[in-house]
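Enquirer: need a 3D model of the sequence below.
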Amino acid sequence: MNTDVAFIVISSISLVILLVIGTFLSASEMAFSSLRRARINSLEEVGGKKGQRAKLVAFMYDEQFDRVISTLLILNNTIAIAAATLSATLFVHLIGDWGYLFSTIVISAIVVVFTDVFPKSMAKERPERIALAVAPIVRFLMVLLKPINLGVLKIRNKLSKAFTSVETEASEDEQNMRGQELIYMVGEAASDGAIDEENQALITNAITFNDFEAWDVITPRVDMVSVPFDADMATIAETFIESGYSRIPVYENSPDNIKGVIHIRDFLGQVVTSGAGSSRLPEEIISPALFTVTSAKVSDVLALFKDEQSHMAIVTDEYGGTEGIVTMDDILERLVGDILDESDEAVDEFVEIGEGKYKVLCSAYVTDMFAHFGIKAESESNTVCGWIMDSLRRIPEVGDSFTFENLCVTVTKAESRRAEECIVEVTPPPEMTGNLLS
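Expert: Numbers count the residues shown, from 1 in each chain. This is a model prediction of the structure:
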């Protein structure tokens, strides 16, 4: 009888110790997996014992992360198996053959709740604090299990090489998924107040920068300022003054035949040299034009600007005609928002003129309009004007109106076969209207 009591007591104490060790290992694993590197950097600067401990954690995270996780997983699984075996032996000794079933139910519940879910949830909330506390013990366990750990890592590396190529690049879908995850994280940070809306937009635009094409930042041909090849100096000077631009494309016969670009610096140099009375523009001050296509990635156009030391590219269509132009300013504004100089006037693209009623400039990006009104939709058009044309399926005229989801859109200004301004009225969703009526 005394032997049975001793067996039960020793087994129970051993089981509790195993579960405590399992809890420690689970919390340590989650702490190292959830570390925020920036937070560790700030703790390193504190100095003293805490700073030294933070340096140890940083080293283990940067240089030995695989070994840390491998050590903790090996030990945790070993502890779980040992706990399950000991639990089965104890319960069989206490209640007979039904002890196996009872042990499985009880030990599974305890392991899942107390040695997995609870410690991992706690460690995820304060990973740096727990990592600092457990780092010396984890390092000791790494040294203790070094031979086993190295063997496991070698097996893992061989299996990885057998199933995947060493230089495999992430697919486009995987890259998009990672980008969406980053955007979600930025949104969460903004919701928590860690970053403001302006920084959220900047970071989001930077993440999605490679998704933009030249078509997304183009100045269309109808808005493009250009001068004919045979224009006199006075006409060119007037064009520079009225437009306020520093570069103007030069065409021959038609804007579809761009011959080059004239920079105001070169033009003013010619004026100083030859005088403003010169009737023709000398060809030698016309710089060669860069050309790209609407489907070119903005990042590629930016690289082209850098390589060719230029700030403007002519965008051509599939027939060789001119679609418009893309400039360095267009790309930067797509990334950081509107950049106004001394001669620019700030223009609000969305102006509230009444309750649920807005005046919208049709030159605004349709994605910005959808975001402004909280609509999750996509459009093949780049601007609100193009979206209106696609919705009407014809040239818009003043008074044209249509409904899109909970938006009622009415064209209020149109010129040169395109809409320039519209009124957008936001109506309550049907379910909200039903609630109000009831």
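Enquirer: what residues of stretch 218-231 count as buried?
Expert: Neighbour-count burial for stretch 218-231, counted by 16 or more other CB atoms under 10 Å, picks out 218-221, 224, 226-229, 231. The way it works is simple: take the backbone N, C-alpha and C, and place the C-beta from them, glycine included.
Enquirer: quick one: which of those sit in strands?
Expert: Judged by DSSP state E, the buried residues of stretch 218-231 include 219-220, 227-228 as members of strands.
Enquirer: check contacts around Gly320.
Expert: Residues near Gly320 by CB atoms under 8 Å, 6 or more residues apart in numbering: Asp256.
Enquirer: am I right that it is in a helix?
Expert: No. Assessed with DSSP: H, G, I helix; E, B strand; the rest coil, Gly320 is coil; it does not lie in a helix.
Enquirer: do you know how far it is from Asp256?
Expert: Separation of Gly320 from Asp256 (CB to CB, to the nearest Å) stands at 7 Å.
Enquirer: count the neighbours of Gly324 for me.
Expert: Neighbourhood size, Gly324 [other CB atoms under 10 Å]: 22.
Enquirer: need the mean per-residue confidence for the strand or helix carrying it.
Expert: Using DSSP states H and E, Gly324 sits within strand 322-327. Averaging pLDDT along strand 322-327 gives 88.
Enquirer: got it, and stretch 425-438?
Expert: 56.
Enquirer: for Val68, which residues are in contact?
Expert: Val68 makes contacts with 32, 60-61, 138, 142, as judged by CB under 8 Å, 6+ apart.
Enquirer: helix, strand or coil for it?
Expert: helix.
Enquirer: all further residue positions should be reported with the first residue as 606.
Expert: Sounds good: first residue 606 from here, last item Val673.
Enquirer: hmm, back to that, out of the ones in strands among the buried residues of stretch 823-836, who's nearest His868?
Expert: Using CB to CB, Val832 is the member of those that sits closest to His868, with 12.7 Å.
Enquirer: ok, what's across the strand from the closest one?
Expert: Val855 (DSSP bridges).
Enquirer: tell me the pLDDT of the closest residue to Val791 other than its chain neighbours.
Expert: Leaving aside its sequence neighbours, Val791 sits nearest to Ile808 (CB to CB, 6 or more residues apart in numbering; 5.0 Å). Looking at Ile808, its pLDDT reads 75.
Enquirer: same check on Ala795?
Expert: You'll see Ala795 listed with a pLDDT of 68.
Enquirer: count of neighbours near Ile622?
Expert: Ile622, neighbours per other CB under 10 Å, totals 12.
Enquirer: how close does it get to Ile812?
Expert: Distance check for Ile622 against Ile812: by CB to CB, it reads 48 Å.
Enquirer: which two among the contacts of Val673 are spaced furthest apart?
Expert: Tyr666 and Met747 (12.9 Å).
Enquirer: okay, now Leu620: neighbour count?
Expert: Residues near Leu620, counting by other CB under 10 Å, number 19.
Enquirer: need the contact list for the nearest residue to it once chain neighbours are set aside.
Expert: Excluding the flanking residues, the one nearest Leu620 by CB to CB, 6+ apart is Leu691, at 5.3 Å. With contact set as CB under 8 Å, 6+ apart, Leu691 has these partners: 616, 619-620, 623.
Enquirer: distance of Leu691 from Ile622?
Expert: Taking CB to CB, one finds Leu691 at 10 Å from Ile622.
Enquirer: next one: Val711
Expert: 17 Å.
Enquirer: what of Gly792?
Expert: Going from Gly792 to Ile622 by CB to CB gives 44 Å.
Enquirer: and what of Ala736?
Expert: Taking CB to CB as the measure, Ala736 falls 23 Å from Ile622.
Enquirer: hey, where'd the strands end up in the stretch 756-905 of the chain?
Expert: Under the criterion DSSP state E, counting those that start in this stretch, strands of the stretch 756-905 of the chain are mapped to 824-825, 832-833, 852-857, 859-868, 891-892, 895-898.
Enquirer: nearest to Cys1027, out of those strands?
Expert: strand 824-825 (17.9 Å).
Enquirer: so which residues make contact with that closest one?
Expert: 928-932, 935.
Enquirer: if we go to 10 Å?
Expert: For strand 824-825, the surrounding residues in contact (CB atoms under 10 Å, 6 or more residues apart in numbering) are 830, 917, 920, 927-932, 934-935, 968, 987-988, 990-991, 1023.
Enquirer: got a quick ChimeraX command for the buried subset of these?
Expert: Here is the ChimeraX selection string for the buried members of these, based on 16+ other CB under 10 Å:
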select :917,920,927,928,929,930,931,932,934,935,968,987,988,990,991,1023
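Enquirer: measure the closest residue to Thr844 other than its chain neighbours to Val757 for me?
Expert: Leaving aside its sequence neighbours, Thr844 sits nearest to Val832 (CB to CB, 6+ apart; 5.4 Å). According to CB to CB, Val832 and Val757 sit 71 Å apart.
Enquirer: show the subsequent helix or strand relative to the strand holding Gly929.
Expert: Next along from strand 927-932, by DSSP H and E: helix 933-941.
Enquirer: and that following helix, what's buried?
Expert: 933-936, 939-940.
Enquirer: who does it touch, helix- and strand-wise?
Expert: With contacts taken as 3 or more CB pairs under 10 Å, 6 or more residues apart in numbering; DSSP states H and E, helix 933-941 sits against helix 802-812, helix 819-822, helix 903-913, strand 917-921, strand 927-932.
Enquirer: who's in contact with it?
Expert: Residues contacting helix 933-941 (CB under 10 Å, 6+ apart): 803, 806-807, 810-811, 813-814, 817, 819, 821-824, 850-852, 903-904, 906-907, 910-911, 915-918, 929, 931-932, 943-946, 970.
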